[in-house]
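Asker: Just a sequence and a predicted model for now, questions to come.
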Amino acid sequence: MGTLLIRPPGHRRDVALRPAATAMVWLGEGHRHEMIAVPGVSLGDGDALVAVEMSTICGSDVHTVQGRRAAPTPLVLGHESVGRVIALGDEGALAVDGTPLRIGDRVVWSVTISCGACDRCLRGLTQKCRTLGKYGHDRVGAHGDLTGAFGSHVQLRAGTAVVRVPEALSASVLAPASCATATAWAAVARAGRDLDGVGVRIHGAGLVGLSAAAIAVEQGATVEVLDPNPQRRALAERFGATALEREPEVVIEASGHAVAAAIDGVAVGGTVVLVGSVFPADPVPLDAEGIVRRMVTVTGVHNYSGPELAGAVAFLGGRGRAYPFAEAVGEVRPLSALDEALAAASAPGAPLRIGLVPA
């Protein structure tokens, strides 16, 4: 893939792509994706263009195409990817660690695009920015066509948290980092305590729950994972889960279906972390008196911050190597077979993730 850089008037940089980039556009429930050609992009200051190595299908992508989650159309779905920087805007772009990105850097990036200057961003809630943008969630057009992971390239806008990743780690490990692993890292951190010697219960043995289990175990916790699927429970043992013989001080609800059980099962003075990436879910009656009398803290996590993404990547490249993250992607399909891959991801017994690679 070659690039031709042209400098038009103003703070934009045109990047012509030969051959053209491609993106899979979703037109709405009941419609197949359509592949479009994108012959070039216009990069603003602080933007970067990334060639996708692999993307993975998240549960929220499945919910969207099934009509269980509202989304604007036309839309390029997908927000779990790893790729390589091939072009930069005139002022360059910075990684989360503050160093300049370079052509050729292998990277993952946040699902969110934040301004960095509003009251929420200044409080560290960049994922709730007042002018928030999201890859795989925003309608194509206003910010170009390469706005989601289900394409050969993604245009990263200024305000995206970008993290360099090790060359030695497989794409199967790294692609889910920008959603599942980073969300799990944020959920464990949201417990707000030193986990050494702490009992942790996790509801749900999807990739978020399994990732949270491994992270908590490496922080010294004894972790049990509850899931109705016996194969997933067996897999959880390989991510460090075991039996917990006491009430847990921390409960992480990562299934979307066990909120009441999570709150009822936590120890007095404990913390329940609800992970928003697994919703939509049915409303849950709240026993306010029980929460008060038991002095339980209930908190939520939705997406993550840039430092949390960096923490997740550092974990995968370090102590996380002891766990079978590489096996999370059970099969890999070409991007052109996206509709079939989405159907497979929603089928009973589907792997934790299905990977997509550009042709």
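Answerer: Now that the structure is in, tell me what you want to look at.
Asker: Could you use CA atoms for every contact and neighbour count after this?
Answerer: Noted.
Asker: For this protein, give me the ranges with low pLDDT.
Answerer: Filtered on pLDDT under 70, the chain yields the residue ranges 1-10, 277-280.
Asker: ok, 50 please
Answerer: 1, 5-9 (pLDDT under 50).
Asker: isn't there a helix covering F315?
Answerer: Yes. Counting by DSSP: H, G, I helix; E, B strand; the rest coil, F315 is part of a helix.
Asker: Now for it, how many residues are close by?
Answerer: Other residues near F315 come to 18 when the count uses other Cα atoms under 10 Å.
Asker: For the stretch 151-300 of the chain, just list every one of the strands.
Answerer: Using DSSP state E, counting those that start in this stretch, the strands of the stretch 151-300 of the chain run over residues 153-156, 160-164, 199-203, 222-226, 250-253, 271-275, 297-301.
Asker: Could I get the buried residue list for the last one?
Answerer: Using 16 or more other Cα atoms under 10 Å as the burial criterion, the residues of strand 297-301 that qualify are T297, V301.
Asker: Show residues contacting it.
Answerer: With Cα atoms under 8 Å, 6 or more residues apart in numbering as the test, strand 297-301 has contacts from 183, 186-187, 190, 263, 269-276, 291.
Asker: rewinding a little: of all the strands of the stretch 151-300 of the chain, which one is nearest A21?
Answerer: A21 lies closest to strand 153-156 among the strands of the stretch 151-300 of the chain, at 6.3 Å (Cα to Cα).
Asker: Show me what that closest one pairs with in its sheet, parallel or antiparallel.
Answerer: strand 48-56 (antiparallel) (DSSP bridges).
Asker: Distance from the partner strand to the middle of the chain?
Answerer: Mean-position distance between strand 48-56 and its chain equals 14 Å (Cα atoms, centre = their mean, to the nearest Å).
Asker: same deal with stretch 337-345?
Answerer: Between the centre of stretch 337-345 and the centre of its chain there are 19 Å (Cα atoms, centre = their mean).
Asker: sorry, back to before: please tabulate the strands of the stretch 151-300 of the chain in a markdown table, including the columns distance to R353.
Answerer: Output for these, formatted as a markdown table (distance: least, Cα to Cα, whole Å):
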| stretch | distance to R353 |
| --- | --- |
| strand 153-156 | 20 |
| strand 160-164 | 21 |
| strand 199-203 | 19 |
| strand 222-226 | 19 |
| strand 250-253 | 20 |
| strand 271-275 | 18 |
| strand 297-301 | 21 |
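Asker: What residues of stretch 134-151 count as buried?
Answerer: In terms of neighbour count (16+ other Cα under 10 Å), stretch 134-151 has its buried residues at 134-140, 143, 145-151.
Asker: returning to that earlier point: looking at the strands of the stretch 151-300 of the chain, which is nearest to H11?
Answerer: If you check each of the strands of the stretch 151-300 of the chain against H11 by Cα to Cα, strand 153-156 wins as the nearest, at 15.8 Å.
Asker: Which of the buried residues of stretch 134-151 sits closest to R321?
Answerer: Of all these, R321 sits closest to A149, with 25.0 Å by Cα to Cα.
Asker: G46 against P100, yeah?
Answerer: No. Using Cα atoms under 8 Å, G46 is not in contact with P100; the gap is 10.2 Å.
Asker: intersection of neighbour lists for those two?
Answerer: In contact with both G46 and P100: G92, A93, L94, using Cα under 8 Å, 6+ apart.
Asker: Report the inter-axis angle for the helix or strand harbouring V38 versus strand 48-56.
Answerer: V38 belongs to strand 34-44 when assigned by DSSP states H and E. On the basis of axes from the mean of the first three to the mean of the last three Cα atoms, to 10 degrees, strand 34-44 is oriented at 150 degrees to strand 48-56.
Asker: one step back: mind putting the shared contacts of G46 and P100 into CSV with secondary structure, neighbour count and distance to V296?
Answerer: Compiled in CSV, those are given as follows (DSSP: H, G, I helix; E, B strand; the rest coil; neighbours: other Cα atoms under 10 Å; distance: Cα to Cα, whole Å):
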residue, secondary structure, neighbour count, distance to V296
G92, coil, 17, 46
A93, coil, 23, 43
L94, strand, 20, 40
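Asker: Highest mean neighbour count out of the strands of the stretch 151-300 of the chain?
Answerer: Highest mean neighbour count among the strands of the stretch 151-300 of the chain (mean count of other Cα atoms under 10 Å): strand 250-253, with a mean of 30.
Asker: Give me the helices and strands touching that strand, please.
Answerer: strand 199-203, helix 259-265, strand 271-275 (3 or more Cα pairs under 8 Å, 6 or more residues apart in numbering; DSSP states H and E).
Asker: Name the strands paired with that strand and say parallel or antiparallel.
Answerer: Each strand that pairs with strand 250-253, with its direction, by DSSP bridges: strand 199-203 (parallel), strand 271-275 (parallel).
Asker: which residues make contact with it from outside it?
Answerer: Residues contacting strand 250-253 (Cα under 8 Å, 6+ apart): 187-188, 191, 198-204, 209, 259, 262-263, 265-267, 270-275.
Asker: 7 Å instead?
Answerer: 191, 199-204, 259, 262, 266, 270-275 (Cα atoms under 7 Å, 6 or more residues apart in numbering).
Asker: same check, this time on stretch 90-98
Answerer: Contact with stretch 90-98 is made by 11-13, 45-48, 100-101, 161-163, 306-307, as judged by Cα under 7 Å, 6+ apart.
Asker: give me that answer again for 6 Å
Answerer: For stretch 90-98, the external contacting residues (Cα atoms under 6 Å, 6 or more residues apart in numbering) are D45, G46, P100, L101, A161, V162, V163.
Asker: Okay, helices next: where are they in the stretch 251-359 of the chain?
Answerer: For the stretch 251-359 of the chain, helices defined by DSSP state H, counting those that start in this stretch occupy the ranges 259-265, 288-293, 306-317, 338-345.
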